[in-house]
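**Q** how would this look folded up:
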Amino acid sequence: MTTRIALLLLALAHALPLAAQTDTRKFDHLRTGFPLTGVHAVTPCESCHIGGRMAGTPKQCDACHRPGTRIAETVMPPRHIPTVEPCENCHRSSVTWAGARFSHVNVAPGTCVSCHNGSTASGLPSGHLATSASCDSCHRTTTWTQTSFDHSSVVAGTCATCHNGRQATGTPRGHMVTTRSCDACHSTRSWDARSYTHLSPAYQPHNASVSCYACHRTRTETIPWRFPAYQPDCAACHAGDFRAGEHKKVDSPQILYTASELRNCSGACHEYTDATFTVIRERRNGPEHRSRDGGF
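**A** Numbers count the residues shown, from 1 in each chain. Here you go, the predicted structure:
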């Protein structure tokens, strides 16, 4: 009889852990108010329930993830921003600590530097524009890289006081050599938005596809006439594009116009009946070529 009881007790001892394990797997942890998500879903129960204690297990992050706590799992690193805020205010994922997002809703405008001073939180990098303005004058709380400086108080023509290549972006290498202010061509919204007004009264507006460097080949603001004998007319730049065979003056005997006669490309030209040039056979009142056409 004693042997039979001993065997029953031994079998029961082996069965109890299995039964307990089966009950644990069936247990709905959501009922505790602490859903097992992310890393918590694969963490062994005993890592949190030390000594099998269920009651009193903390549900707040900092109760486990701060030095000196009951469990003291992964804790704040030494370089973490000093804070008394709950972990979940910034760390939204239960899978990784990375990707923390701090809510700046309650931060008063203009007080960024109270945290972003280089010690409490990241501050101005070494190559930053020297300024006493608050961070939120240019930056947003979502990212440092997207900036939008308000130029409304900047006096026109003083761009170079900041945009000198040291404090802020200046003229790039091989830019047009000029003494004019940045805002003569560029807008405060973008460097690429250019709207230059030519000072020379001889300049005719050209097609938008014609680049500045098509004429300013040496990247200097003032350029010489390519064919100075024809200045200030179109031919002073375009005499090399003139094709005599396409500009008939008399059909028979064939007489052609010269570049000098049609130096103003947008002027009129007529075809005459003979070499006396008295009777016009075909009248072309022009303009035959327009500067905005972009071609001949």
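**Q** what about the longest strand in this protein?
**A** Identified as the longest strand of the chain according to DSSP state E is strand 143-147.
**Q** which outside residues touch stretch 199-211?
**A** 231-232, 234, 236, 266, 291-295 (Cβ atoms under 8 Å, 6 or more residues apart in numbering). All C-beta spots, glycine's among them, are computed from the backbone N, C-alpha and C.
**Q** Can I get stretch 268-284 in CSV, CA atoms only?
**A** Only the C-alpha atoms of stretch 268-284 are listed here, as CSV (Å, rounded to 0.1, in the frame of the first residue of the first chain):
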residue,chain,number,x,y,z
ALA,A,268,10.1,93.8,-92.1
CYS,A,269,11.5,92.4,-95.3
HIS,A,270,10.0,92.5,-98.8
GLU,A,271,10.6,90.6,-102.0
TYR,A,272,10.8,92.8,-105.1
THR,A,273,10.0,92.2,-108.8
ASP,A,274,13.4,93.4,-110.1
ALA,A,275,16.7,95.0,-109.1
THR,A,276,15.1,98.5,-109.1
PHE,A,277,13.5,97.6,-105.8
THR,A,278,10.5,99.7,-106.7
VAL,A,279,7.7,97.2,-107.0
ILE,A,280,7.1,94.8,-104.2
ARG,A,281,6.0,91.3,-105.2
GLU,A,282,5.6,89.9,-101.7
ARG,A,283,5.1,92.1,-98.7
ARG,A,284,6.4,90.9,-95.3
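**Q** Name the residues of that stretch that are buried.
**A** 269, 271-272 (16 or more other Cβ atoms under 10 Å).
**Q** can you check stretch 105-123 too?
**A** By neighbour count on 16+ other Cβ under 10 Å, the buried set for stretch 105-123 is 112, 115-116.
**Q** same check, this time on stretch 256-271
**A** Neighbour-count burial for stretch 256-271, counted by 16+ other Cβ under 10 Å, picks out 257, 259, 262-263, 265, 267, 269, 271.
**Q** can you list contacts of that stretch?
**A** Applying Cβ under 8 Å, 6+ apart, the external contacts of stretch 256-271 come out as 204, 229-230, 233-236, 238-239, 242, 244-245, 247-251, 280-291, 296.
**Q** and the end-to-end length of stretch 160-180?
**A** Using Cα to Cα, to the nearest Å, the end-to-end distance of stretch 160-180 comes out at 10 Å.
**Q** same check, this time on stretch 236-244
**A** OK, stretch 236-244 end separation, Cα to Cα: 16 Å.
**Q** on that earlier part again, from the buried residues of stretch 105-123, which shows the smallest pLDDT?
**A** Within these, pLDDT reaches its minimum at Cys115, with 83.
**Q** on that earlier part again, please pick the buried ones from the contacts of stretch 256-271.
**A** Buried among the contacts of stretch 256-271 (16+ other Cβ under 10 Å): 230, 233-236, 238-239, 242, 247, 249-250, 289, 291.
**Q** Looking at those, spot the one nearest Trp144.
**A** Set against Trp144, the nearest of the buried ones among the contacts of stretch 256-271 by Cβ to Cβ is Ser291 (45.8 Å).
**Q** Give me the local confidence score for the closest one.
**A** pLDDT recorded at Ser291 is 83.
**Q** residue contacts, it?
**A** Going by Cβ under 8 Å, 6+ apart, Ser291 touches 204-207, 234, 266.
**Q** Tell me how far it lies from Gly240.
**A** 16 Å (Cβ to Cβ, to the nearest Å).
**Q** just to revisit the earlier point, list the neighbouring strands of the longest strand of the chain plus their orientation.
**A** Strand pairing for strand 143-147, using DSSP bridges, gives strand 139-140 (antiparallel).
**Q** Give me the distance from the strand it pairs with to the chain's centre.
**A** Computed by Cα atoms, centre = their mean, to the nearest Å, the chain-centroid distance of strand 139-140 equals 13 Å.
**Q** Stretch 180-190 too?
**A** 19 Å.
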